[in-house]
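Novice: predicted model, plus sequence, below.
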Amino acid sequence: PVEAAAKSAQHSLKRARLLFDNGGSASAASSFVPPADEALHKSAVARRIRMQYPVLPSATNTGTTSADGDGEGEEKEAPKEGAGKSMTHRSVAALRQEAIARLRDTSSGTATTDAKDRASGGAIVVHREVDLTSDVSGSATNAGVLALPGQKVAQTATQDGKETVRPGGILVKGSSQSRDIATPKWHAPWRLSTVLSSHLGWVRSVAFDPTNDMFATGGADRVIKIFDLAKASVGASDALKLTLTGHISPVRGLAFSDRHPYLFSGGEDKMVKCWDLETNQVIRHYHGHLSGVFCLKLHPTLDILVTGGRDAVARVWDMRSKQQIFCLGGHDNTVGAILTKSTDPQIITASYDATIKLWDLVAGKVMTTLTHHKKSVRALAQPTFENTFVSGAADNIKKWQGKDGRFIQNCTGHKAVINALAINDDGVLMSGADNGTMNFWDYGTGHCFQQTETIAQPGSLDAENGIYAAEFDLTGTRLITCEADKSVKIWKQDENASELTHPIDMPAWRKKCIAESK
């Protein structure tokens, strides 16, 4: 306190004058004894406790920890109520009373935390249930540990997996792990609704029409099939509307234009085609790739097409003139996934060289290279409700900040080669893997609320139980997966599920978060 420091300064000045006036004799120094001051002594005791106990020890049942000793935690008999106490004992008792009062005010919501305490992350917590309205200062069990804001706390003992608290129930706790654990949002589990068997080869790509009336799929049978979404969802026999032929190799990328009646497709035959859906004919070819085209995206606001492939570059095309604007080179292996945005970085590419690059579309140069992954990055996805994106590889799923590529968190647990990622507006992230496993995550926290496996068609091999592409429809209520058993599967949420029938496993989630934080 300021007053205590002023008094200490006055005492020091008076002692210096005595030494100076008497020639610095030892007798003169010993002749002046500063008067006993309760506030000054109390602040000194508090400072000494902080220096002696950077980690507060736990008290025993039968003794108290010496606050004015040498910090060795000697056990002494608890002083009886009303017995003569030294000034140090009175200071310790006063500090303890202040901590109890601060805790009582905080629990009632009337106290405001000091700015210094907030800066140091200190917070007073009670580690066992006590009656805060009763006087606990005289209790031997509460006399062992002193509560001081901003100090570290020794870990309490554990018994049968539960936290048990030793005597001295009021402690000062710094940053708590439990405070950093976010509560996941509840989502209903997903189940298989419809299976469409129309392709004659692996189904490698899917795209939704901007009106949400139809979706297109492309496969290793070199054809593009367009389905009516409403009819396909109920398994109608006339769900297939159109079949487009023209590619001579598997179709790996599809995209519908938001502003034109166009469908764009790219395949392993190095060809990028623009289909007019009013005449069902190819009206443009985009020549330039030196090898197969593996991914394809349209810019959300500009008439620009971005394609990536086995020649390790992403090519930016003018949709109307068919001219190549940029050749974005820098990857050492196949470009496996592309994202486009209306804000910088407007293009994000993921490659089999385990890197992700964020590109400046105006300059045609790379802004940032992310090297966190250790395996080939085969999938990218971004939500519509925040400026972030996720990447999927065989090591794990990583979440990134969309503006600068800053790493946010890992989503661990899907131990497989992830080929597909999809996010809906409800915050559900789906990851599909090469072995047919599907994980559903809460996008906000990274909590995996469902692990399932797709069902291969009768007569298929177990090795054909793989997912190559996935996409949510625009409402987020239907999920389309393209699989290695030549089928297209439609998934929907379980209508009968609730938080009572499928609760969140909070103990397991908390245990996982604590383990990952270590």
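Specialist: Okay, I see it. Numbers count the residues shown, from 1 in each chain.
Novice: doesn't L339 make contact with L298?
Specialist: No - using Cβ atoms under 8 Å, L298 and L339 do not qualify as a contacting pair, with a distance of 11.3 Å. (Each C-beta comes from the backbone N, C-alpha and C, glycine too.)
Novice: and for the two, which residues touch both?
Specialist: Counting by Cβ atoms under 8 Å, 6 or more residues apart in numbering, no residue touches both L298 and L339.
Novice: now do the buried residues in the host helix or strand of R47.
Specialist: Assigned by DSSP states H and E, R47 falls within helix 38-52. Across helix 38-52, burial judged by 16 or more other Cβ atoms under 10 Å covers 40-46, 48-49, 52.
Novice: and stretch 214-231, average pLDDT?
Specialist: The average pLDDT for stretch 214-231 rounds to 97.
Novice: next, the distance between the ends of it.
Specialist: Using Cα to Cα, to the nearest Å, the end-to-end distance of stretch 214-231 comes to 9 Å.
Novice: okay, buried residues for the lengthiest helix in the chain please.
Specialist: Ranked by residue count, the top helix of the chain under DSSP state H comes out as helix 87-108. Within helix 87-108, the residues scored as buried using 16+ other Cβ under 10 Å are 88-89, 91-96, 99-100, 102-103.
Novice: can I get those in a markdown table including pLDDT and distance to P503?
Specialist: Shown next, in a markdown table, are the buried residues of helix 87-108 (pLDDT from 0 to 100; distance: Cβ to Cβ, whole Å):
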| residue | pLDDT | distance to P503 |
| --- | --- | --- |
| T88 | 75 | 53 |
| H89 | 76 | 51 |
| S91 | 79 | 50 |
| V92 | 79 | 47 |
| A93 | 80 | 47 |
| A94 | 83 | 48 |
| L95 | 81 | 44 |
| R96 | 79 | 42 |
| A99 | 77 | 38 |
| I100 | 78 | 37 |
| R102 | 74 | 37 |
| L103 | 69 | 33 |
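Novice: tell me which two of the residues you listed sit farthest apart.
Specialist: For the buried residues of helix 87-108, the maximum inter-member distance is 22.8 Å, found between T88 and L103 (Cβ to Cβ).
Novice: where's the most centrally placed residue in the chain, which helix or strand?
Specialist: Nearest to the geometric centre of the chain sits Q409, at 4.1 Å (Cα atoms, centre = their mean). Applying DSSP H and E as the criterion places Q409 in strand 407-411.
Novice: what's in contact with that strand?
Specialist: 370, 372, 388, 390, 396-401, 429, 431, 441, 446, 448, 516.
Novice: low-confidence bits of the stretch 1-150 of the chain, can you list those?
Specialist: 1-36, 50-85, 103, 106-150 (pLDDT under 70).
Novice: list the contacts of D425.
Specialist: D425 touches 383-385, 476, counting by Cβ under 8 Å, 6+ apart.
Novice: buried only: go through these for me.
Specialist: Counted by 16+ other Cβ under 10 Å, the contacts of D425 give 383, 476 as buried.
Novice: which one of the contacts of D425 is nearest V362?
Specialist: T384 (23.9 Å).
Novice: for that closest one, which three-state class applies?
Specialist: coil (DSSP: H, G, I helix; E, B strand; the rest coil).
Novice: who are the contact partners of the closest residue to R90 other than its chain neighbours?
Specialist: Nearest residue to R90 in three dimensions, chain neighbours excluded: E38, at 7.3 Å (Cβ to Cβ, 6 or more residues apart in numbering). Neighbouring residues of E38 by Cβ under 8 Å, 6+ apart: 87, 90-91.
Novice: returning to what we had before: tilt between the longest helix of the chain and helix 38-52?
Specialist: Orientation of helix 87-108 against helix 38-52 (axes from the mean of the first three to the mean of the last three Cα atoms, to 10 degrees) gives an angle of 80 degrees.
Novice: list the helices and strands helix 87-108 packs on?
Specialist: helix 38-52, strand 123-126, strand 170-173 (3 or more Cβ pairs under 8 Å, 6 or more residues apart in numbering; DSSP states H and E).
Novice: so what's G413 closest to, chain neighbours aside?
Specialist: In this structure, G413 finds its nearest non-sequential neighbour in C448, 5.3 Å apart by Cβ to Cβ, 6+ apart.
Novice: tell me which helix or strand that neighbour sits in.
Specialist: strand 447-453.
Novice: list the buried ones in stretch 502-512?
Specialist: Those would be 502, 504, 509, 512, for stretch 502-512 by 16+ other Cβ under 10 Å.
Novice: averaged pLDDT, that stretch. What do you get?
Specialist: 91.
Novice: do the same with stretch 251-267
Specialist: pLDDT averaged over stretch 251-267 gives 96.
Novice: run the chain-centre distance for it.
Specialist: Centre-to-centre, stretch 251-267 and its host chain are 33 Å apart (Cα atoms, centre = their mean, to the nearest Å).
Novice: the residue nearest to V272 when sequence neighbours are not counted and I226, how far apart?
Specialist: Spatial nearest neighbour of V272, chain neighbours left out: Y286 (3.9 Å); criterion: Cβ to Cβ, 6+ apart. Distance of Y286 to I226, given as Cβ to Cβ, to the nearest Å: 21 Å.
Novice: how about E38?
Specialist: From E38 to I226 the distance is 86 Å (Cβ to Cβ).
Novice: can you check G309 too?
Specialist: Between G309 and I226 the distance, using Cβ to Cβ, works out to 24 Å.
Novice: quickly list what V206 is bridged to.
Specialist: T217 (DSSP bridges).
Novice: so what's the residue count around it?
Specialist: Residues lying near V206 (other Cβ atoms under 10 Å) number 22.
Novice: that one and A422, how far apart?
Specialist: Per Cβ to Cβ, V206 is found 9 Å from A422.
Novice: what do the two both touch?
Specialist: Shared contacts of V206 and A422 (Cβ under 8 Å, 6+ apart): 470-471.
Novice: if we ignore the residues flanking it in sequence, what's nearest V282?
Specialist: K273 is the one closest to V282 (Cβ to Cβ, 6+ apart), at 5.0 Å.
Novice: mind telling me what element that neighbour is part of?
Specialist: Element membership of K273 [criterion: DSSP H and E] is strand 272-276.
Novice: so in that sheet, which strands flank that strand, and in what orientation?
Specialist: Here, using DSSP bridges, strand 272-276 pairs with strand 262-267 (antiparallel), strand 281-285 (antiparallel).
Novice: residues in contact with the first one?
Specialist: Spelled out, it's strand 262-267. Contacts for strand 262-267 (Cβ under 8 Å, 6+ apart): 207, 216, 218, 222, 224, 244, 247-257, 272-277, 283, 292-296, 298, 305, 307, 309, 319.
Novice: quick check on the closest residue to D303 other than its chain neighbours: phi, psi?
Specialist: Using Cβ to Cβ, 6+ apart and skipping residues adjacent in sequence, the residue nearest D303 is M319, 4.2 Å away. When read as degrees, to the nearest 10, the backbone of M319 gives phi -60, psi -40.
Novice: which residues touch M319?
Specialist: 257, 262, 274, 284, 298, 303-305.
Novice: what distance separates stretch 233-246 from the centre of its chain?
Specialist: 39 Å.
Novice: stretch 334-341 too?
Specialist: With Cα atoms, centre = their mean, you get 22 Å for stretch 334-341.
Novice: check stretch 242-258 too.
Specialist: 35 Å.
Novice: buried set for it?
Specialist: For stretch 242-258, by 16+ other Cβ under 10 Å, it's 244, 246-247, 250-257.
Novice: distance of L339 from C295?
Specialist: 10 Å.
Novice: more neighbours, the two?
Specialist: C295 (25 against 22).
Novice: which residues does I348 bridge with?
Specialist: L339, L358.
Novice: and stretch 282-298, what's buried?
Specialist: Here stretch 282-298 shows 282, 284, 286, 289, 292-298 as buried, counting by 16+ other Cβ under 10 Å.
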